[in-house]
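Student: The following block contains a protein sequence and its predicted model.
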Amino acid sequence: MKTQTPDIDPETAWLVQRLVREGSVFGDTATILTIEKLRRLEDLARRAGTSRQAFQKIASARRILGDHAELGPIPDFMGDADMNPFDLTENELRVPAP
């Protein structure tokens, strides 16, 4: 059984785009409620684990709606713990002969 990681669904993405295009004409209440939904989704993404791309989409959606609150440190993402750009093997450091 595959578990689904937190991400922005198409309806929320559409709503964010509409709120940005329409501005306050569309409704400040809708913006506030959408920001709250995105904050909860970001919190869930922090606790449940998600991809870097999904986390970035959630955080970007919040920012373009005007929410610049920091909800905590950026989490370690799936696969990031195994990646260390300074941990190279001897073969990777070897310069090929001309």
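Tutor: Arrived safely, thanks for sending. Quick caveat: nothing in here was measured; it's all calculated off a predicted structure.
Student: can you list contacts of the longest helix seen in the chain?
Tutor: Determined from DSSP state H, the single longest helix within the chain is helix 28-48. Outside of helix 28-48, the residues within contact range by CB atoms under 8 Å, 6 or more residues apart in numbering are 5-8, 12, 15-16, 19, 24, 54-55, 58-59, 61-62, 65-67, 69, 71-72, 75. All C-beta spots, glycine's among them, are computed from the backbone N, C-alpha and C.
Student: Assign a three-state SS to residue 74, would you?
Tutor: Put simply, residue 74 is coil when judged by DSSP: H, G, I helix; E, B strand; the rest coil.
Student: Now a PyMOL select for only the buried ones of the contacts of helix 28-48.
Tutor: Buried residues within the contacts of helix 28-48, by 16 or more other CB atoms under 10 Å, are selected in PyMOL with:
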select buried, resi 6+7+8+12+15+16+19+54+55+58+59+61+62+65+67+75
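Student: Just the ones of the contacts of helix 28-48 in strands?
Tutor: Members of those lying in strands (criterion: DSSP state E): none.
Student: isn't residue 50 right up against residue 8?
Tutor: No - judged on CB atoms under 8 Å, residue 50 makes no contact with residue 8 at a distance of 10.7 Å.
Student: Buried residues in stretch 35-46, which are they?
Tutor: Across stretch 35-46, burial judged by 16+ other CB under 10 Å covers 35, 37, 38, 41, 42, 45, 46.
Student: quick one: the first one and residue 76, what's the gap?
Tutor: Spelled out, it's residue 35. According to CB to CB, to the nearest Å, residue 35 and residue 76 sit 25 Å apart.
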